[in-house]
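Chemist: Using only what follows, build the 3D model:
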Amino acid sequence: MIRAFITGGGGFLGRHISKELFAYASTHEIEIFSYSRSKHSDKGLDPKVVQLQGSLHDAAKLRATIASIYQKQGPIQVIFHTAALTDQWGKWEDFYETNVQGTKTLLAVAAEFKIPYFIYSSSPSVVFGNTPLCGVDESIPYPDPSIQKSFYARSKRMAEELVLAANSPGNLRTLALRPHLIWGEDDPHITPRLLQKAKAKRLKVIGDGKNLVSVTHVTNAAMAHIKAFVALSSSEESASRCSGKAYFIADERPVLLWDFINQILKANQLKELSLTRGIPFKIAYALGHLCELLFRNQEPPLNRFIVMQLAHSHYFNLENAKRDLGYQGNRHKIATLL
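Modeler: Okay, here's the model as predicted:
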C-alpha cells in the first residue's frame, strides 16, 4: 500500500500529481490525501483523492490530521509539498509564514511520524538574481539575498534550503524539484494573467524579444514528482544518488518567450493582440521600480522582478534530472489553454 500526502493537492500541480500517481500505481494499492485550506469540487481532482482541510500555519491541526491517517489507514510513505504563496507581490511576513515556516512545520511533522520521503515543489526563482541564466545546471549557487527582488523567490529559496538540510539517510529522505513556468490545459495562473493583460493592452515586449525561457507542461512537472518518488524509494543506491539535492525541471527545449506568449494568444482566439513591438529593458526596469514606489499598499502594475523575467533568458540544463531521476521533458503542443 502506498499512501501519499499532498499539500495543495487541489491546486493545478497537485491535481496532476494525483493523476500521475494513480496511473503509476495502477498495479498497486494507493491512497492519496490532499491537504488544503479549502475543499475543492473542481472536476480536475480525482474523486478517489481524500480531501482534508487545514493550514500549514496550524501545526496542531496538521499533526492531528497526520495522526488520524496513521490510526485509521496506516503509515504515510511520501509527502509531496506543493502548497505555497506564489503571488509576485505582498508582505514579506505572509511569504515567510506560508513558504518558510509552513515548510519547517511540515518537515518537523514528517520527522516526528517517521515519514520516509519528502518531495518539495521548489522553483528556479531560488537562483534568480539580476542576470540572465543560460543553460545553467544545479551547480549555480544561490544569489545574494540582497539582489533578489521578489519575496516569493527569497522565501522559496529559504524553504528549499530547509528541505535539503533536513535530508537524513535512514530517516527522512528529501529532494527538491524546480519546475519552471508550469503551463497546460486549465492553467489557472499564467494563461489567465497573460490574457487579462493582453486584453487590457498592458502587455508589451520587453527588451529585444529574443530571450529563451524554459517552460514546463504540467504533465511533465507532475511526472517529475513521481520519478523523484521512485528514485528515492526504489533502492539505497538510487536514493543516495538523488536525496538531499535539487533538480531543474522543464520541457525538453526552451522557447522564445514572446513567440510562446503569441501562440497562447492565438490559441485563445486573440491573434489580433499578438505582440511585436515593445520597450527597452532599462526603461521598463526603471518603470517597474517607480511602480513599486508609487503602489506601496497594493500590487503594482509592473515590478522589477517581472521585468527581468520577461526580458532575460532563463533556461536550464536538465541532464542531472535525466540521469538521476529518469526524467524526460516530453514536448507538448499549445492548444486552447482556458
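
Chemist: any idea of the mean pLDDT in stretch 91-101?
Modeler: Mean pLDDT, computed over stretch 91-101, is 95.

Chemist: Repeat that for stretch 299-311.
Modeler: Mean pLDDT, computed over stretch 299-311, is 86.

Chemist: Same question for stretch 227-239.
Modeler: For stretch 227-239, the mean per-residue pLDDT is 94.

Chemist: Which residues belonging to it are considered buried?
Modeler: By 16 or more other Cβ atoms under 10 Å, the buried positions in stretch 227-239 come out as 227-229, 231-232, 238-239. The way it works is simple: take the backbone N, C-alpha and C, and place the C-beta from them, glycine included.

Chemist: Relative to Glu97, which of those residues is nearest.
Modeler: Among these, Ala228 lies closest to Glu97 (Cβ to Cβ), at 26.3 Å.

Chemist: Surely the closest one and Leu177 touch.
Modeler: Yes. Assessed by Cβ atoms under 8 Å, Ala228 is found in contact with Leu177 at 6.1 Å.

Chemist: shared neighbours of these two, anything?
Modeler: Common contacts of Ala228 and Leu177 (Cβ atoms under 8 Å, 6 or more residues apart in numbering): 119, 247.

Chemist: re earlier: got JSON lines for the buried residues of stretch 227-239, with distance to Gln88 and secondary structure too?
Modeler: Converted to JSON lines, the buried residues of stretch 227-239 look like this (distance: Cβ to Cβ, whole Å; DSSP: H, G, I helix; E, B strand; the rest coil):
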{"residue": "Lys227", "distance to Gln88": "29", "secondary structure": "helix"}
{"residue": "Ala228", "distance to Gln88": "26", "secondary structure": "helix"}
{"residue": "Phe229", "distance to Gln88": "30", "secondary structure": "helix"}
{"residue": "Ala231", "distance to Gln88": "32", "secondary structure": "helix"}
{"residue": "Leu232", "distance to Gln88": "31", "secondary structure": "helix"}
{"residue": "Ser238", "distance to Gln88": "36", "secondary structure": "helix"}
{"residue": "Ala239", "distance to Gln88": "35", "secondary structure": "helix"}
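
Chemist: which of the residues you listed lies closest to Val78?
Modeler: Distances from Val78 to the buried residues of stretch 227-239, taken as Cβ to Cβ, are shortest for Phe229 (5.4 Å).

Chemist: give the contact list for the closest residue to the closest one other than its chain neighbours.
Modeler: Using Cβ to Cβ, 6 or more residues apart in numbering and skipping the chain neighbours, the partner closest in space to Phe229 is Val78 (5.4 Å). Val78 makes contact with 2-5, 115-119, 229, 232-233, according to Cβ under 8 Å, 6+ apart.

Chemist: Narrow these to those in strands?
Modeler: 2-5, 117-119 (DSSP state E).

Chemist: Just put these in a markdown table and tack on distance to Arg37, neighbour count and pLDDT.
Modeler: Shown next, in a markdown table, are the ones in strands among the contacts of Val78 (distance: Cβ to Cβ, whole Å; neighbours: other Cβ atoms under 10 Å; pLDDT from 0 to 100):
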| residue | distance to Arg37 | neighbour count | pLDDT |
| --- | --- | --- | --- |
| Ile2 | 25 | 16 | 91 |
| Arg3 | 21 | 19 | 96 |
| Ala4 | 19 | 26 | 97 |
| Phe5 | 15 | 28 | 98 |
| Tyr117 | 24 | 22 | 98 |
| Phe118 | 20 | 25 | 98 |
| Ile119 | 21 | 27 | 98 |
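
Chemist: What is the nearest of those residues to Val205?
Modeler: Val205 lies nearest to Ile119 out of the ones in strands among the contacts of Val78, by Cβ to Cβ, at 36.4 Å.

Chemist: Who are the contact partners of that closest one?
Modeler: Ile119 touches 78-81, 174-177, 225, 228-229, 232, counting by Cβ under 8 Å, 6+ apart.

Chemist: try 10 Å this time
Modeler: Counting by Cβ atoms under 10 Å, 6 or more residues apart in numbering, Ile119 touches 4, 6, 17, 78-82, 163, 173-177, 224-229, 231-232.

Chemist: Show me the shaky parts of the stretch 1-150 of the chain.
Modeler: 27-28, 40-44 (pLDDT under 70).

Chemist: Tell me where it has strands.
Modeler: If you assign secondary structure with DSSP state E, counting those that start in this stretch, the strands in the stretch 1-150 of the chain sit at 2-7, 30-36, 50-53, 78-81, 117-121, 133-136.

Chemist: Indicate which one of these is closest to Lys210.
Modeler: Nearest to Lys210, of all those, is strand 133-136, at 12.2 Å by Cβ to Cβ.

Chemist: quick one, the helix or strand just after the closest one and strand 117-121 angle?
Modeler: Downstream of strand 133-136, the next assigned helix or strand under DSSP states H and E is helix 151-165. Calculated by axes from the mean of the first three to the mean of the last three Cα atoms, to 10 degrees, helix 151-165 forms an angle of 160 degrees with strand 117-121.

Chemist: can you offset everything so residue one is 26?
Modeler: Sounds good: first residue 26 from here, last item helix 176-190.

Chemist: quick one: average pLDDT of whatever helix or strand comes next after helix 176-190?
Modeler: Downstream of helix 176-190, the next assigned helix or strand under DSSP H and E is strand 198-204. For strand 198-204, mean pLDDT is 98.
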